[in-house]
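> sequence and predicted model, in that order:
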Amino acid sequence: MTLLSITDLTARYGDFQALFGVDIQLEPGETIAIIGANGAGKTTLMRAITGIVPPSGGSIRLQDRDLTRAPAPEILKAGIAMVPEGRRLFPSLTVEENLLIGGQKRQGNGFWTLARIHELFPILAERRHSPATALSGGQQQMVAIGRALMSNPEVLLCDELSLGLAPVVIKEIYASFPMIRQSGTAIIVVEQDIGQAMKVADRLYCMMEGRITLSGRPGDLSREAIHDAYFGVS
Ligand code: ATP
């Protein structure tokens with residue numbers, strides 16, 4: 001059974017329509033990437049899935065549950081957790097306190113504990129008592145991923161993990177994905193870096209101006225097709 005089904009989804013900011021008939025299927029254990037230029041609607045899609053921007057049409061189902069207009073806390077409890085763009089850590093709390101907050105709302109299958117997060121990102125054990133703001137950008141991103149995982153989600157949404165980070169740090173962050181996949185969590189990453197998206201994802205979806213313009217397995221998509229779906233056919 002499909003884990004997450006997004007069907008004919010639309011979303012608006014007042015008069016401005018940001019999503020048009022978006023269809024996405026996520027299978028259990030899968031990693032998919034959403035690529036697209038600035039303003040394509042990727043973040044809006046993440047916000048619609050997590051209940052921050054209520055959809056104006058279409059549906060979002062997690063297995064047999066309809067979450068289309070569920071409030072954000074209920075969606076998190078149902079098993080969808082987000083690593084937001086810009087990380088949004090609690091600056092006055094320590095690394096460990098930030099992580100523990102993630103585990104308060106949902107236990108899930110109990111796989112992810114502080115110890116497992118420390119195994120995933122050993123630096124977070126070393127820095128456990130530091131204020132979150134004392135960490136480097138990459139380390140803060142690790143805390144944001146750990147905080148989301150602490151809710152033992154069925155689906156982990158990652159919005160632009162790479163933004164503003166050095167290539168070596170991006171590599172370190174993506175090195176955590178195999179263990180996350182092994183835990184049974186399915187992953188949706190939003191990426192502007194097409195090469196990175198192709199490396200990490202089982203399937204890609206490309207968005208432009210609020211629509212899905214292309215989808216498929218990385219190996220089945222030509223550079224030209226991706227270019228046209230990303231920038232439009234000139
Ligand atoms: P980026 O890579 O810049 O984050 P994106 O693909 O995530 O881009 P969105 O942030 O989803 O794109 O934006 C999609 C469209 O919706 C853009 O035209 C943007 O200007 C508009 N938009 C986003 N947030 C709002 C808002 N709060 N109010 C009005 N319009 C918005």
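Here it is on my side, so go on. Residues are numbered from 1 along each chain as shown.

> check whether stretch 149-165 comes near the ligand.
No - using Cβ under 6 Å from any ligand atom, stretch 149-165 stays clear of the ligand, with a minimum separation of 6.5 Å. Where you see a C-beta, it was placed from the backbone N, CA and C, and this is true even at glycine.

> which residues does residue 131 bridge with?
Using DSSP bridges, the bridge partners assigned to residue 131 are residue 94.

> residues making contact with the longest helix anywhere in the chain?
Ranked by residue count under DSSP state H, the longest helix found in the chain is helix 137-149. Helix 137-149 is contacted by residues 81-84, 87-89, 95, 98-99, 101-102, 112, 117, 120-121, 123-124, 127, 132-133, 135, 156-158, 161, 164-166, 169, 172-173, 176, 180, 183, 185 when judged by Cβ atoms under 8 Å, 6 or more residues apart in numbering.

> quick one: strands adjacent to the very next helix or strand once past that helix?
Sequence-wise, the next helix or strand downstream of helix 137-149 (DSSP states H and E) is strand 155-159. With DSSP bridges as the test, strand 155-159 is paired with strand 80-83 (parallel), strand 186-191 (parallel).

> can you name the next helix or strand after strand 155-159?
helix 167-174.

> just the buried positions in that next one, please.
By neighbour count on 16 or more other Cβ atoms under 10 Å, the buried set for helix 167-174 is 169-170, 172-174.

> angle of that helix against strand 155-159?
170 degrees (axes from the mean of the first three to the mean of the last three Cα atoms, to 10 degrees).

> which bits of the protein sit near the ligand?
Going by Cβ under 6 Å from any ligand atom, the residues of the chain near the ligand are 13, 16, 18, 36, 38-44.

> can you rerun that using 5 Å?
Within the chain, the positions near the ligand by Cβ under 5 Å from any ligand atom are 13, 18, 38-44.

> pretty sure residue 121 is touching residue 180, no?
No - Residue 121 is beyond contact range of residue 180, at 11.1 Å (criterion: Cβ atoms under 8 Å).

> who's more crowded, these two?
residue 121 (24 against 21; other Cβ atoms under 10 Å).

> residue contacts, the more buried one?
139, 142, 145-146, 176.

> and it, how close does it get to residue 70?
Using Cβ to Cβ, to the nearest Å, we find residue 121 at a distance of 30 Å from residue 70.

> just residue 4 next, same as before
For residue 4 relative to residue 70 (Cβ to Cβ), the value is 13 Å.

> higher neighbour count, those two?
Neighbour count, other Cβ under 10 Å: between residue 4 and residue 70, residue 4 has more, with 24 against 19.

> which ones are touching the residue lying closest to the more buried one once chain neighbours are set aside?
Spatial nearest neighbour of residue 4, excluding adjacent residues (Cβ to Cβ, 6 or more residues apart in numbering): residue 26 at 4.0 Å. The neighbours of residue 26, taking Cβ under 8 Å, 6+ apart as the test, are 2-5, 32, 155, 186, 188.

> filter the residues you listed to the buried ones?
3-5, 32, 155, 186, 188.

> any weak-confidence spans in this protein?
234 (pLDDT under 70).

> how about the helices of it, start to end?
Going by DSSP H, the chain shows helices at 42-49, 72-78, 95-102, 114-120, 123-126, 137-149, 167-174, 177-182, 194-200, 223-231.

> which one of those lies nearest to residue 208?
helix 223-231 (6.5 Å; Cβ to Cβ).

> other SSEs contacting that closest one?
strand 203-208, strand 211-216 (3 or more Cβ pairs under 8 Å, 6 or more residues apart in numbering; DSSP states H and E).
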